[in-house]
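Enquirer: Quick one, structure for this:
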Amino acid sequence: MSETSPVTVTALYQFAPFEDPASLREPLLALCREVGTMGTLLIAHEGINGTIAGGENALTQVIAHIRALPGCSGLDVKFSHADTMPFNRMKVRLKREIVTMGEPDIDPLLSVGHYVDPHDWNALISDPDTVVIDTRNDYEVAIGTFRGAIDPETAAFRDFPEWFRSHRDELVEGKKKVAMFCTGGIRCEKSTSFLRSEGIDEVYHLKGGILKYLEEVPQDESLWDGECFVFDERVSVGHGLEVGTLTLCRACRRPVSEDDRASADYVEGVSCPHCIDEKDDAQRARYAERQKQAELARKRGEQHVGQRPLAEG
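Expert: Just a heads-up that it's a prediction; the model follows:
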């Protein structure tokens, strides 16, 4: 870790067999509050997942605590930086799954795809024998993806199994390998495990996800186009993990571009071109009141907790 900016952001996950995840919540939350980190951590019987931010020493203490949990010594951790705190509060939540796929028999601890280092990824996805699948949600894919990748156009990760089963024949026809990727790697732990359970053996996934690729692969060698959506107030990042150009629609939690913000359908905190036809007048009235309260909070130098982004998955 190196604090080149005031705030360090860490995305982390570990699949681990927690017998009593509820017993882990309070000690972890207490430590996070004590050292001053912000963000969200999810705990389930299958492990832990989340993104938190704070000072370098604070994150070191939290990561050490998590690595001391059963099965978490190999915790996957990725660091980036932000000029301001990208979260409004600290939450540790108990969940059924740390990333929701809805396939109870899938266990990444038993079977996953082959990990591919970011510097080897270009060769794999450029191979004509490889089909490349973006496992993220439609609004994420819309702002950036790898060249030639297939977009499942799913609204949520739990839709991925049905999509694959429906398109399996056309996806794998004439292909020897399947390569998949996601933001930080966790969704691919499950998606590759799922494909293995469906009888697909030559399955690969990008180690560390898009974030690790953007961090390590120089832009002039990159096969990534656009920006990568992240689940905090930075909204998106680009090569070198530099903060991107997008903002967040507070009504639908989708990323909005400069062109989106120039649209007549865009009203800050109330609507955007993506959700203008999805919300009714009563909902927009509530959003307008929330936006008013957020603006008043900003004038007082406070953060408004209603202005929070999505949770990954």
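Enquirer: Stretch 48-61 spans what distance, first to last residue?
Expert: 16 Å (Cα to Cα, to the nearest Å).
Enquirer: Let the chain start at 187 from now.
Expert: Fine by me, first position is 187 from now on; the one you just mentioned is stretch 234-247.
Enquirer: Need the residues that contact it.
Expert: Contacting residues not belonging to stretch 234-247 are listed as 187-189, 193-200, 202, 204, 217-218, 221-228, 248, 252, 255, 258, 261, 268, 271-273, 276, 284-285, 372, 416-418, 498 [Cβ atoms under 8 Å, 6 or more residues apart in numbering]. All C-beta spots, glycine's among them, are computed from the backbone N, C-alpha and C.
Enquirer: Give me the subset of these that lies in strands.
Expert: 193-200, 224-228, 268, 276 (DSSP state E).
Enquirer: What is the nearest of these to residue 301?
Expert: If you rank the ones in strands among the contacts of stretch 234-247 by distance to residue 301 using Cβ to Cβ, residue 199 comes first, at 14.0 Å.
Enquirer: can you pull the contacts of that closest one?
Expert: 233, 234, 235, 236, 261, 262, 284, 285, 370, 371, 372, 375.
Enquirer: if we can go back for a sec, just the ones in strands among the contacts of stretch 234-247 now: which is nearest residue 361?
Expert: residue 199 (28.4 Å).
Enquirer: and this structure, what are its domains?
Expert: 193-280, 300-412, 432-485 (automatic domain parsing).
Enquirer: Could I get the full set of strands for the stretch 237-386 of the chain?
Expert: 262-268, 276-280, 300-302, 316-320, 330-332, 363-367 (DSSP state E, counting those that start in this stretch).
Enquirer: can you tell which of these is closest to residue 426?
Expert: Across those, closest to residue 426 is strand 262-268 (Cβ to Cβ), at 9.5 Å.
Enquirer: CA atoms of that closest one as PDB?
Expert: Taking Å, rounded to 0.1, in the frame of the first residue of the first chain, the C-alpha atoms of strand 262-268 are listed here in PDB:
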ATOM      1  CA  ASP A 262      -7.800 -11.400  -2.100                       C
ATOM      2  CA  VAL A 263      -7.100  -7.700  -1.700                       C
ATOM      3  CA  LYS A 264      -6.800  -4.900  -4.300                       C
ATOM      4  CA  PHE A 265      -5.900  -1.300  -3.600                       C
ATOM      5  CA  SER A 266      -6.700   1.900  -5.300                       C
ATOM      6  CA  HIS A 267      -6.900   5.600  -4.100                       C
ATOM      7  CA  ALA A 268      -9.400   8.400  -3.900                       C
END
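Enquirer: Please list the residues outside it that contact it.
Expert: Residues contacting strand 262-268 (Cβ under 8 Å, 6+ apart): 187, 189-200, 239, 249, 370-372, 394-395, 397-398, 401, 418-420, 423, 427, 429.
Enquirer: could you check the angle strand 193-201 makes with it?
Expert: 160 degrees (axes from the mean of the first three to the mean of the last three Cα atoms, to 10 degrees).
Enquirer: re earlier: could you export the domains of the chain as a markdown table, including mean pLDDT?
Expert: Formatted as a markdown table, the domains of the chain follow (pLDDT from 0 to 100):
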| stretch | mean pLDDT |
| --- | --- |
| domain 193-280 | 96 |
| domain 300-412 | 96 |
| domain 432-485 | 93 |
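Enquirer: Tabulate those (JSON lines), appending distance to residue 293.
Expert: Below are those laid out as JSON lines (distance: least, Cβ to Cβ, whole Å):
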{"stretch": "domain 193-280", "distance to residue 293": "8"}
{"stretch": "domain 300-412", "distance to residue 293": "7"}
{"stretch": "domain 432-485", "distance to residue 293": "30"}
